[in-house]
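# The following block contains a protein sequence and its predicted model.
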Amino acid sequence: MTPRSLYLHIPFCRRKCFYCDFAITTGGRGLMAEYVQVLCEEIRDTIANLPGRGSLETVFLGGGTPSLLGGEEIAAILQTLGEGWDLVPGAEISLEANPGTVSLESLQSYRARGINRISLGAQAFQDHLLDRCGRGHSVADIYEAVALIRQAGFANFNLDLISGLPHQTLPDWEESLHQTIALAPTHVSVYDLTIEAGTAFAKRYQPGCAPLPSEELTVEMYKLAHRVLTEAGYRHYEISNYAKPGYECRHNITYWRNQPFYGFGMSAASYVHHWRWERPRKIREYINLVRHKQYPPPVPEKINDRLFDTLMQGLRLAEGIELAVLHQEFGEEKIAQVCQQLQKFVDRGWVQIDHRLRLLPLEGWLFSDLVNLSLLELLGTRE
């Protein structure tokens, strides 16, 4: 299958959030300009060596904080993409933004260049929690950013929230949910805080220990988000994502269905015809790689790895995975082994197996890590 989705990594941030383990840099305008040039160079190199590219249905500019780039820089990137790919009518073109980094002028410029979906990192609606996360913006900045997004003419925008933050209470979380609903985004992403090694939070906090909420409390937060958001008309279509009807994130669904995609930029990964490759996580290594055309060869994906990825990602979706699709791609014998492995979770009411294989909300989603671990035991680990 030819990829129909493309990701662009824009690694720049004003500061690094205390929970963040993404590949980012806090470089200034000169480095941003150099990076855009190199990113366009990588795209052109790929165009020259990748025949039969097809058309794109989704493009996602993530980071980092892509809204730190100006409209002309976004235009240069998208124009370079246009040298190799056409966009289908109605293509979803998303850009991540942080409050305090957008203006009416910048948003209008993005929209004029073809951006039609904004994903805004709100995270919380309490200034003391934002400060503890190192976010660098206030609640007032969230409201201002949403007002500007609407004024610029964007009808489709997402808000990100994080539960399980240090010192976060259930009333805090409920307030954030209701404030989110009041702003009426078309899409809401709700993530539970994970303490990643090497982050500022990892140096300060131990998982399961105060001031982090207990596991029981984070489960209550998850259940509360489900109740409040679904009652407000959002469909809980993926473990961490909610959408108004017709506003599901089409780009991320590519990942959850384990479909192929292109990725460009520092740390970006690509998945094309069952081959994978990725770029360095450090900006100078990435720039030198592109400048010297030292692209590493793609790595073929093993069949069991592909099956595990297909199951792990597809089970995140409320719709699950069609068994007929799994049978066609992996064979009935292999999928019978998978179903047998999952039977204990069927008995517990976490998994449903009929014409589809899916996790049953909410218990199945809450115990998805155990389901994935069982699948990993069956299919083996990556070498």
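Looks like it arrived, so ask away.
# So residue 189 lies in a strand, does it not?
Yes. Residue 189 forms part of a strand when assessed by DSSP: H, G, I helix; E, B strand; the rest coil.
# Residue 162 is in contact with that one, correct?
No. With contact defined as CB atoms under 8 Å, residue 189 does not reach residue 162; the gap is 9.4 Å. C-betas here are computed from N, CA, C, even on glycine.
# more crowded one of those two?
residue 162 (23 against 20; other CB atoms under 10 Å).
# how would you label the more buried one: helix, strand or coil?
Residue 162 ends up strand, using three-state DSSP.
# List the contacts of the nearest residue to it once chain neighbours are set aside.
Spatial nearest neighbour of residue 162, excluding adjacent residues (CB to CB, 6 or more residues apart in numbering): residue 123 at 4.8 Å. Counting by CB atoms under 8 Å, 6 or more residues apart in numbering, residue 123 touches 129-130, 133, 135, 160-162.
# can you rerun that using 7 Å?
Shown in contact with residue 123 (CB atoms under 7 Å, 6 or more residues apart in numbering): 130, 133, 135, 160-162.
# Likewise for residue 109?
So residue 109 contacts residue 71 (CB under 7 Å, 6+ apart).
# part of a strand, is it?
No. Secondary structure of residue 109 (three-state DSSP): helix, not part of a strand.
# Quick check: beta-bridge partners of the residue nearest to residue 162?
residue 161 (DSSP bridges).
# Can you tell me the SS state at residue 324?
helix.
# count of residues packed around the closest residue to it other than its chain neighbours?
Distances taken as CB to CB, 6+ apart place residue 355 nearest to residue 324, at 7.2 Å, with adjacent residues excluded. The number of residues packed near residue 355 is 8, by other CB under 10 Å.
# What's the separation between residue 291 and residue 40?
As defined by CB to CB, to the nearest Å, residue 291 lies at a distance of 13 Å from residue 40.
# ugh, wrong one, residue 90
25 Å.
# ok, now residue 26?
22 Å.
# got it, and residue 335?
43 Å.
# Who has more neighbours out of the two?
Shown here are residue 335 and residue 40; by other CB under 10 Å, residue 335 has more neighbours (22 against 19).
# Pull the distance from the helix or strand harbouring that one to the chain's centre.
Secondary structure assignment for residue 335, by DSSP states H and E: helix 332-341. From the chain centre to the centre of helix 332-341 is a distance of 29 Å (CA atoms, centre = their mean, to the nearest Å).
# buried set for whatever helix or strand comes next after that helix?
Using DSSP H and E, the next helix or strand after helix 332-341 towards the C-terminus is helix 343-347. Across helix 343-347, burial judged by 16 or more other CB atoms under 10 Å covers residue 345.
# and the gap between the closest residue to residue 145 other than its chain neighbours and residue 318?
Spatial nearest neighbour of residue 145, excluding adjacent residues (CB to CB, 6+ apart): residue 99 at 4.2 Å. Per CB to CB, residue 99 is found 29 Å from residue 318.
# neighbour-wise, which of these two wins?
residue 99 (24 against 16).
# That one: what's it in contact with?
120, 122, 137, 141-142, 145.
# now the residues you listed as TSV including pLDDT, neighbour count and distance to residue 179?
Output for those, formatted as TSV (pLDDT from 0 to 100; neighbours: other CB atoms under 10 Å; distance: CB to CB, whole Å):
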residue	pLDDT	neighbour count	distance to residue 179
120	98	23	13
122	98	28	9
137	95	20	15
141	98	19	13
142	98	25	8
145	98	27	13
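# okay if I get those as JSON lines plus secondary structure?
Putting these into JSON lines (three-state DSSP) gives the following:
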{"residue": "120", "secondary structure": "strand"}
{"residue": "122", "secondary structure": "strand"}
{"residue": "137", "secondary structure": "coil"}
{"residue": "141", "secondary structure": "helix"}
{"residue": "142", "secondary structure": "helix"}
{"residue": "145", "secondary structure": "helix"}
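# So the spatially most central residue of the chain, which state does it fall into?
Centroid check for the chain by CA atoms, centre = their mean gives residue 252 as the closest residue, at 6.3 Å. Look at residue 252: counting by three-state DSSP, its state is helix.
# again, but for residue 32
helix.
# and the closest residue to it other than its chain neighbours, what are its bridge partners?
Closest residue in space to residue 32, ignoring its immediate chain neighbours: residue 12 at 5.7 Å, by CB to CB, 6+ apart. Beta-bridge pairing for residue 12 (DSSP bridges): residue 25.
# what does the model give residue 12 for pLDDT?
Residue 12 carries a pLDDT value of 97.
# Isn't it up against residue 25?
Yes. Judged on CB atoms under 7 Å, residue 12 makes contact with residue 25 at a distance of 6.1 Å.
# what about the two, which has more around it?
A count of neighbours by other CB under 10 Å puts residue 12 above the other of residue 12 and residue 25, at 23 against 19.
# Next one, pLDDT for the nearest residue to residue 295 once chain neighbours are set aside please.
Of all residues not flanking residue 295 in the chain, residue 289 sits nearest, at 6.7 Å (CB to CB, 6+ apart). Turning to residue 289, the model gives it a pLDDT of 98.
# Tell me how many other residues crowd residue 289.
Residue 289, neighbours per other CB under 10 Å, totals 17.
# again, but for residue 184
Neighbour tally, residue 184, other CB under 10 Å: 13.
# helices or strands next to the strand or helix carrying residue 312 in the packing?
According to DSSP H and E, residue 312 maps onto helix 303-314. Judged by 3 or more CB pairs under 7 Å, 6 or more residues apart in numbering; DSSP states H and E, helix 303-314 is in contact with helix 250-256, helix 368-379.
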